[in-house]
Structure formats: structure tokens, C-alpha cells
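below is the structure, and that's it, no one-letter string:
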């Protein structure tokens, strides 16, 4: 839930996020292929603020579909997308979607391939995969996926949750890479750490690659970095556990003696008790 009405314009389902009505399919479509907690939400809002690249949000998220259907009074994902073409295409004809791998797979099963013809592909990644996994594990437990949402109480440390998050991120990242190779998609790689350090520079890099005009500045967005002391503590504890396990395995390997060769069977045993 958004914490304040002051941020109503940042509600992705709100009409205040719409552009003036666009007639017909957008001439230019692009996809932000992301993994969870990679900073793709921040990138989406920044690109929207340029006024040139639509508003690339998670329009293929299965849990969001009912809300879009209710807003537009339609019953299928294809109808939702047609309505989004009208409302979320910027005046210069660009329409974008950001998606995590499972959402993209689900949407394709709904038959969206005839509508979505992505000409450009942005791959959003995060260099610090462990920090990303901790962020994902905490978001799953607290229910706060962006800084505008209220958090539940800080959960107790959960080693298995971090390992599970790492598995999810690795699997989805490999799936996107394979999809790009299979489809021959020319990808523009954006790194979360660089986006946070220099948002204007990264956004202008995207605009240049898309053949669009650079911007002189970006307005502030009400999205803040969610990492806290809890994230740091979980990372520290997970690293401590990992390093301890490595040391234990190394010591165990040194202490194991080479296996003895199996004794040769006696002639008596191999000939049924007779020596020939």
C-alpha cells in the first residue's frame, strides 16, 4: 500500500501516470528484462520522466492483471495491453514494458505474442548478487517491494530464504540470457549500481542508444534505497556461514585418507572352493 496520497501519481494503476491518448499500436516497443530487486522499478520511473519512452512497468504481472482489467473494464490480458497502448505510449510513439522472467512466461501463455513486438531490449542487472538476494528475501517476508510501501516488522534472519532467493535470481538470469541468444536480441545492459551512482548519466545513455534527445535533468522520484542495517547484517551472517562451510570442507578434505584398494578375491572363493 502506498503510504501517502501525496504519492498518488506514483500509483502505477492511476490515470495520472497516463500520457495523452495514442491512436493505434505504438510504432516502437521495448522490453526491460529484469530480475527481482535489480533496480528496474527506479529505471522505469526515470525513463517515464523523460517523456520519451512511455512508462515501462510490470504490465505482464499475473497478480496485477485483475486490477488492470477492472480499470479498463475488460476481461483479457490482450485487451489490457491494447488499452495500455493508448494510455502509456509517449507522444513520440515509444511504449515499454518491464518484466521478470516468470511474468513474461505467463503472459506468453495468455497469447500476447501477436501484440508485443519488441524492437529493443534492455537487460537490467545487479552486480552484487548476494545483496540482491538478501533484498529479495526481505521483500518476500515484509511485503514491501518499493520504498513507498509499508513494511512489516523486521523478520528474523533466514539463511534458507537467502539461498532460495539466490537460486531464483540465478535461474531467471540464465533464462533471460538464453532468450536473448535464441531471439538474437540486441541488448543494452544497465547495471543497478551505476544507475544509483549516476541516474542522469545512465538515462541519457539509454536515450542516446534509442536515438532520442538527452535531458538536462531529472525530477526527484519518491523512491528511496530500501537497504538498511538489517540487509547488512543478513549479508554479514550469510557470508560468515559460507566461509565457515568452505573452511570445514577444506579441513575435511585434508583429513580423509586415500581409500585402500579392495582386496583381490581368493582363488578358492572365485572357483567355488576348488583350486584348479
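Structure received. Keep in mind that this is a model prediction, so the values were computed, not measured. Numbers count the residues shown, from 1 in each chain.

what sits against residue 190?
Neighbouring residues of residue 190 by Cβ atoms under 8 Å, 6 or more residues apart in numbering: 43, 122-125, 202, 206. All C-beta spots, glycine's among them, are computed from the backbone N, C-alpha and C.

rerun that using 6 Å as the cut-off
122, 124 (Cβ atoms under 6 Å, 6 or more residues apart in numbering).

in the strand or helix carrying it, which residues are buried?
Element membership for residue 190, per DSSP states H and E: strand 187-191. For strand 187-191, burial by neighbour count (16 or more other Cβ atoms under 10 Å) applies to 190-191.

and if you look at stretch 177-197?
Buried residues in stretch 177-197, counted by 16+ other Cβ under 10 Å: 179, 185, 190-192, 195.

thinking again about what came up before, what sits up against the next helix-or-strand element following the strand holding residue 190?
The helix or strand immediately downstream of strand 187-191 is helix 192-197, counting by DSSP H and E. Residues from elsewhere that reach helix 192-197, judged by Cβ under 6 Å, 6+ apart: 38-39, 126-127, 202.

next secondary structure after helix 192-197?
helix 199-209.

so for that next one, mean pLDDT?
Averaging pLDDT along helix 199-209 gives 97.

now do the helices in the chain.
Using DSSP state H, the helices found in the chain span residues 40-49, 65-72, 77-88, 101-109, 129-142, 159-183, 192-197, 199-209, 229-255, 267-270.

which of those helices is buried the deepest?
Neighbour counts (mean count of other Cβ atoms under 10 Å) averaged over each of the helices of the chain peak at helix 40-49, with a mean of 23.

so where is this structure shaky, pLDDT-wise?
1-10, 144-153, 222-227, 243, 247, 250, 253-276 (pLDDT under 70).

what's the spacing between the residue nearest the centre of it and residue 103?
In the chain, the C-alpha nearest the mean C-alpha coordinate belongs to residue 35, at 1.7 Å (Cα atoms, centre = their mean). For residue 35, the distance to residue 103 equals 11 Å [Cβ to Cβ, to the nearest Å].

cool, and residue 52?
Taken as Cβ to Cβ, the span from residue 52 to residue 103 is 25 Å.

and if you look at residue 128?
Applying Cβ to Cβ to residue 128 and residue 103 gives a distance of 23 Å.

phi, psi of the nearest residue to residue 212 once chain neighbours are set aside?
Using Cβ to Cβ, 6 or more residues apart in numbering and skipping the chain neighbours, the partner closest in space to residue 212 is residue 52 (4.9 Å). Backbone torsions of residue 52, given as degrees, to the nearest 10, read phi -120, psi -10.

hang on, residue 52 packs against residue 211?
No - counting by Cβ atoms under 6 Å, residue 52 does not reach residue 211; the two are 10.2 Å apart.

the two: who's more crowded?
Set residue 52 next to residue 211 and count neighbours by other Cβ atoms under 10 Å: residue 52 wins out with 19 against 7.

how much space separates that one from residue 213?
Counting by Cβ to Cβ, the gap from residue 52 to residue 213 is 7 Å.

still on that earlier bit, and the gap between the residue nearest to residue 212 and residue 21?
Distance from residue 52 to residue 21, counting by Cβ to Cβ: 17 Å.

how about residue 246?
Taken as Cβ to Cβ, the span from residue 246 to residue 21 is 59 Å.

now do residue 97
19 Å.

which of those two has more neighbours?
Per other Cβ under 10 Å, whichever of residue 97 and residue 21 has more neighbours is residue 97, with 26 against 9.

isn't the more buried one up against residue 58?
No - between residue 97 and residue 58 there is no contact under Cβ under 6 Å: 7.8 Å.
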